[in-house]
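# build me a structure from this.
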Amino acid sequence: MSNSLPYSTKDVDYDNAKFRHRSFFKVVTQSLLTSNIKRDCVSCSTGKFLFLILIFGVAYLMLTHTSPGVVIYNDQTIGDKITGGDSRTINIDAEKLKRFWRRPPRLPPRIPPDDQGSNNGVSGNPNDRSVWISRQKKVKEAFVHAWSGYKKFAMGYDELMPLSKLGIDGLGGLGSTVVDALDTAMIMGLDEVVGEAGSWVEQHLSERISNKGQVNLFETTIRVLGGLLSAYHLSGGEKGMNFTHAGPKPAVYLETAKNLADRLISAFTASPTAIPFSDVVLHDRSAHPAPGGLSSTSEVSTLQLEFNYLSSVSGDQKYGLEAMKVMDHMKTLPKVEGLVPIYISPQSGQFSGDNIRLGSRGDSYYEYLIKVWLQSGASNNSSTSYLYDMYKEAMNGVRHLLVRKSIPSGLVFVGELPYGSNGGFSPKMDHLVCFLPGTLALGATKGLTKKRAMENSMLNFEDLENLKLAEDLTKTCFEMYAVTSTGLAPEIAYFHTEEFSEQGEDGGNKTSEFVSDIIIRPADRHNLLRPETVESLFVLYRITEDPKYREWGWQIFEAFEKHTKVDTGGYCSLDDVTSVPPRRRDKMETFFLGETLKYLYLLFGDSSVIPLDKFVFNTEAHPIPINLKK
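Alright, predicted model coming up:
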């Protein structure tokens with residue numbers, strides 16, 4: 001982000017004049033005019049006449065005076081003294097005359113080195129396209145480093161344990177990192193990685209889908225099903241993009257996705273209501289509720305983009321029909337100004353409890369309200385227009401019930417209602433809530449730039465209000481990083497308000513303007529390499545075109561590089577972002593390759609790549625094309 005010059009226009013003119021060269025003639029005349037000669041001689045007519053003769057005499061001497069020297073004439077070096085009668089003297093005198101009348105150049109203002117700023121380790125002007133190409137390359141190198149560690153120590157496992165140099169299956173054993181990373185590699189143009197990941201999918205994934213046991217419906221849909229469908233499109237599937245020619249044919253990804261979805265769909269069909277069970281046993285296609293019987297609201301309502309798109313490309317409508325029954329049912333349930341509790345029962349089809357939040361178990365319900373509507377073509381006459389109405393009502397509820405400002409510096413944040421609208425307000429904000437700024441901006445402009453949306457008279461007062469809130473919240477999400485000693489955000493933050501304060505629980509960066517606004521409890525200080533803030537930075541940059549979002553993203557990337565990179569390959573989570581060096585956790589989440597690095601790469605790249613008015617990203621950052629059939 002460029003800084004304004006540390007002085008006024010008047011100062012710039014002064015600096016230019018200060019470094020401008022003056023001619024010998026001006027020096028002489030200025031001296032004469034300011035000396036006693038002016039006072040003593042110019043007062044009489046004779047003096048004036050003599051004064052003019054003196055000036056012309058000096059000028060004549062300057063024009064005709066010659067001296068020994070080296071002159072270039074007819075491409076030869078001549079070191080002899082030039083005599084008055086020589087033709088070469090005429091050339092020299094003419095050249096002197098030209099130099100005499102030539103206006104000296106204006107020099108630019110000289111800025112002290114301390115005022116010139118820093119480019120965060122990459123040389124050049126941050127507004128220069130080459131700087132961002134260089135930074136994008138750094139992100140690609142980080143992805144290759146993360147993939148190399150996974151490939152070396154954990155290929156085929158769900159996740160890498162980078163410190164132990166081992167693989168672990170924590171998501172059902174479907175090689176989630178492979179599939180999550182696949183479309184990121186395609187977008188980055190890493191054909192070697194695409195070939196490795198694609199070959200693994202072709203050779204192993206269908207067999208695993210047929211033989212594996214219990215998986216979570218939500219996690220498997222957003223990571224594996226979403227990753228396969230995005231890979232299908234980006235590798236040249238139906239009306240696809242042809243980002244790569246490496247790996248298997250697109251049909252392999254589609255058939256694998258259908259095999260998986262045919263088993264996941266039992267979560268819908270086995271439930272007595274429109275709300276699906278949370279878990280599926282893949283090998284026998286059975287489904288079961290979670291322990292305790294309840295499903296997360298966000299989990300059951302964050303399946304529709306993937307299942308709708310599968311129906312579109314496969315021609316089988318059963319996938320989208322089952323998934324959309326959830327949204328149709330949600331429309332009928334009671335809400336609090338559009339806001340909903342974080343638990344719902346598949347047995348009764350009703351919400352359970354009063355806890356309302358946009359963090360875990362609540363977040364992506366609101367995200368998919370707008371994204372599923374956008375996916376269908378964003379028409380007010382479409383069968384999904386009720387989702388847009390639900391989204392608008394919910395965002396009004398967020399502004400009215402959940403948005404507050406911290407003290408003393410006034411950061412805008414989104415809190416929680418643990419006991420519903422009749423209970424107390426909690427100034428707690430999960431890092432997961434940082435998806436919201438991007439969603440608000442997307443809902444305001446429908447993926448267009450703000451400039452273009454305004455030119456087309458598309459933004460009403462409510463849209464502008466949401467866009468302003470998006471910008472305010474994005475700043476807060478970035479400050480959750482900047483306030484810590486490591487420059488990385490905690491999993492959860494609390495905000496200092498008139499009603500809530502805790503002493504001695506700051507982020508460790510005493511130079512931060514907001515060190516007294518943000519409270520980080522010891523149990524919440526871990527960082528899991530999450531993507532939500534860089535996701536919103538990406539969306540806000542695309543929509544507002546403000547370069548500060550790129551600069552903030554670069555600072556976050558540098559902090560990841562400094563504190564989470566493991567020399568032998570991969571990146572790790574952290575136990576405590578408020579201390580340096582931070583304690584490390586032996587885990588690299590799949591979403592670091594699938595989301596975090598993808599959003600950073602796109603943030604630093606050309607906005608024409610995966611444009612927001614032609615794609616929606618599922619909640620795991622897998623791009624899905626909008627309105628494919630039209």
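# and the strands in the stretch 101-250 of the chain?
Assigned by DSSP state E, counting those that start in this stretch, the strands in the stretch 101-250 of the chain fall at 159-161, 166-168, 214-216.
# okay, those, which one's buried deepest?
Sort the strands of the stretch 101-250 of the chain by mean neighbour count, taking mean count of other CB atoms under 10 Å, and strand 159-161 sits at the top with a mean of 25. C-betas here are computed from N, CA, C, even on glycine.
# so where's the stretch 501-630 of the chain shaky on pLDDT?
Applying pLDDT under 70 to the stretch 501-630 of the chain picks out residues 628-630.
# same deal with the chain?
Counting by pLDDT under 70, the ranges of the chain that qualify are 1-127, 628-630.
# in it, which helix is the longest?
When the chain is parsed with DSSP state H, its longest helix is helix 129-154.
# what's it packed up against?
strand 159-161, strand 166-168, helix 176-188, helix 191-200, helix 548-564, helix 597-603 (3 or more CB pairs under 8 Å, 6 or more residues apart in numbering; DSSP states H and E).
# any idea how far the residue lying closest to residue 570 once chain neighbours are set aside lies from residue 181?
Nearest residue to residue 570, sequence neighbours excluded (CB to CB, 6 or more residues apart in numbering): residue 149, at 3.0 Å. Distance of residue 149 to residue 181, computed by CB to CB, to the nearest Å: 12 Å.
# of those two, which one has the most company?
Shown here are residue 149 and residue 181; by other CB atoms under 10 Å, residue 181 has more neighbours (29 against 23).
# got the contact list for that one?
With contact set as CB atoms under 8 Å, 6 or more residues apart in numbering, residue 181 has these partners: 143, 147, 150, 193, 197, 590, 593-594.
# if we use 7 Å, what do you get?
With contact taken as CB atoms under 7 Å, 6 or more residues apart in numbering, residue 181 is in contact with 147, 197, 593-594.
# ranking these by neighbours, who comes first?
residue 197 (30 neighbours).
# one step back: kindly reformat the strands of the stretch 101-250 of the chain as TSV containing distance to residue 208.
Output for the strands of the stretch 101-250 of the chain, formatted as TSV (distance: least, CB to CB, whole Å):
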stretch	distance to residue 208
strand 159-161	15
strand 166-168	14
strand 214-216	10
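# and of those strands, who's closest to residue 447?
strand 214-216 (29.7 Å; CB to CB).
# on contacts alone, who are the packing partners of the closest one?
Identification of packing neighbours for strand 214-216 by 3 or more CB pairs under 7 Å, 6 or more residues apart in numbering; DSSP states H and E yields strand 279-281.
# next SSE downstream of the strand it packs on?
Counting by DSSP states H and E, the next helix or strand C-terminal to strand 279-281 is strand 286-288.
# so which of the contacts of residue 181 is the closest to residue 379?
For those, the nearest to residue 379 is residue 594 (30.2 Å; CB to CB).
# ok, that closest one touching residue 182?
No. If you go by CB atoms under 7 Å, residue 594 and residue 182 don't touch, sitting 8.6 Å apart.
# who touches both of those two?
By CB under 7 Å, 6+ apart, residue 594 and residue 182 have these common neighbours: residue 227.
# tell me which of the strands of the stretch 101-250 of the chain sits nearest to residue 547.
strand 159-161 (33.8 Å).
# that older thread, wait, doesn't the residue nearest to residue 570 sit right on residue 568?
Yes. Residue 149 is in contact with residue 568 according to CB under 7 Å; the separation is 6.5 Å.
# how far away is the residue lying closest to residue 566 once chain neighbours are set aside from residue 412?
Excluding the flanking residues, the one nearest residue 566 by CB to CB, 6+ apart is residue 162, at 4.2 Å. Distance of residue 162 to residue 412, computed by CB to CB: 36 Å.
# measure stretch 420-439 end to end?
Start-to-end span of stretch 420-439 (CA to CA, to the nearest Å) is 23 Å.
# what's next to that stretch, contact-wise?
Counting by CB under 7 Å, 6+ apart, stretch 420-439 makes contact with 336, 354, 356, 358-360, 363, 366-367, 370, 401, 404, 413-418, 470, 473-474, 477, 489, 491-495, 497, 500, 530, 532-533, 535-536, 539-540, all of which sit outside it.
# looking at the contacts of residue 181, which is nearest residue 394?
residue 594 (26.5 Å).
# need phi/psi at the closest one.
Its backbone dihedrals place residue 594 at phi -80, psi -30, with angles given as degrees, to the nearest 10.
# list the contacts for it?
With CB under 7 Å, 6+ apart, residue 594 has these contacts: 180-181, 184, 223, 227, 620-621.
# can you report how many residues neighbour residue 251?
There are 12 residues near residue 251, going by other CB under 10 Å.
# in space, what's closest to it - neighbours in sequence excluded?
That would be residue 237: by CB to CB, 6+ apart, it lies 7.7 Å from residue 251.
# do you know how far that neighbour is from residue 613?
Here residue 237 is placed at a distance of 21 Å from residue 613 (CB to CB).
# neighbour count for the two, which is higher?
Each of residue 237 and residue 613 has its neighbours counted (other CB under 10 Å); residue 237 has more, 20 against 17.
# my guess is that one contacts residue 254. True?
Yes. Using CB under 7 Å, residue 237 is in contact with residue 254, at 6.2 Å.
# what is in contact with the two at once?
Counting by CB under 7 Å, 6+ apart, the residues touching both residue 237 and residue 254 are residue 313.
# which among the contacts of stretch 420-439 end up buried?
Buried members of these, counted by 16 or more other CB atoms under 10 Å: 336, 354, 356, 358-359, 363, 366-367, 370, 401, 404, 413-418, 470, 473-474, 477, 489, 491-495, 497, 500, 530, 532-533, 535-536, 539-540.
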